[in-house]
Structures are given as C-alpha cells and as structure tokens.
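Enquirer: Sequence plus predicted model, see below.
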Amino acid sequence: MIQRRVSRAKYNEAIGTALTERRLRLDAETALATKADRETAADRLTAGTITRLAAENTALRGIAATLVLALEGAGRYEDSTALRRQLHDADVDVTEEIGTRAHRAGAAPVRRQYTPAEAALRADLRRARQALGAMEDRCLELQRVNEAQDVMLRRAALVEGSAA
C-alpha cells in the first residue's frame, strides 16, 4: 500500500473546495424547495379564488332568479321580462335556478297576471281555438253525411245492378 503524503495547504484547499460545492448544492436545493413552496402556495391561492368565485357566481345567479320571481309575483311582468332579457344578453341562463325556486314544497304557485297586450293575444288565441273547434266539428259532421251518402249510393247501385 502506497501512502501519499498530501501537504496541509493542498488538503485545506481540497476541503474548502468540497465545502464550497456542498454549500452551492445545498443553496440550489433550498432555492428549489422555496420555489416549489411558492408554487404550491400560489396553486392553493388560485384554487381558493376559483372556489370563492364559483360560490359568488352561484349566489348571484340565485339572487337574479329570486329577483325575477319576486317581480313576477308582484305582477311586474314587464320588469321581469326586461331582467330576463338582460340576463340572456349577458349569456346568463338562470332557468334552472328559477325552476328550483319557483316550485318549493308547500308553496302555491302564483297566478299569472297578464299585461294588457298579453291578455289581448290570449283572447285572440282562445277565439281562434274556438273557431278551429267549430270548424273541426263541422268537418266531422260533413264526413258523416258523406259516408251516409256513400252507403246510400252503393245500395242504389246494387239494387239497379240486380234489377238489370
């Protein structure tokens, strides 16, 4: 076994270099861990923000739906329709929230109050349906008359055919 003698200066230089490399590696690992911790904290903050915004969005949708139903319940259908149009123009669909809140257990539905223009349209529709019903009854009556005439003509043709 050959032993080499190393001078004290070279030994101290080698140890100093090793310690410097170790310190640099430790600093790099610490910096990497700090960066990972910052990114994790940022991810948590982002997730918290997303959750908070989703909850606020749900709450605002519920408030808008409640407001629409309150306006309709108060008979302010023009205001309710205007609010629905504004929500629609903003690409906010609250039909599910309205449906959820409109038919709560034990709550009787509010009778619909029509605006004068809507009432006139409903009256026109009712008259048109009545006229259509009367026309349908008349058509069924004519069909029965035609069927009866068809039976009479066939019998007359049979009687003439057997007489000839």
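Expert: Perfect, thanks for sending it.
Enquirer: Residue 98 is in contact with residue 71, isn't it?
Expert: No. Taking contact to mean C-beta atoms under 8 Å, the distance of 11.3 Å between residue 98 and residue 71 leaves them out of contact. Every C-beta, even on glycine, is put in place using the N, C-alpha and C of the backbone.
Enquirer: Show me which residues of the helix or strand encompassing residue 78 are buried.
Expert: Residue 78 is part of helix 77-89, with elements assigned from DSSP states H and E. Along helix 77-89, the positions that meet the burial threshold by neighbour count (16 or more other C-beta atoms under 10 Å) are 80, 83, 84, 87.
Enquirer: Lowest-scoring secondary structure element of this protein by mean pLDDT?
Expert: Lowest by mean pLDDT, DSSP states H and E among the helices and strands of the chain is helix 95-102, with a mean of 80.
Enquirer: Show me what secondary structure element comes after that helix.
Expert: Next along from helix 95-102, by DSSP H and E: helix 116-163.
Enquirer: between that next one and helix 77-89, what angle do the directions make?
Expert: Orientation check (axes from the mean of the first three to the mean of the last three C-alpha atoms, to 10 degrees): helix 116-163 against helix 77-89 gives 90 degrees.
Enquirer: How far does helix 116-163 sit from its chain's centre?
Expert: What separates the centre of helix 116-163 from the centre of its chain is 47 Å, taken as C-alpha atoms, centre = their mean, to the nearest Å.
Enquirer: Without its sequence neighbours, what residue ends up closest to the spatially most central residue of the chain?
Expert: The geometric centre of the chain, computed from its C-alpha atoms, lies nearest to residue 93 (C-alpha atoms, centre = their mean), at 5.7 Å. Beyond its immediate neighbours in the sequence, the residue positioned closest to residue 93 (C-beta to C-beta, 6 or more residues apart in numbering) is residue 87, lying 7.6 Å away.
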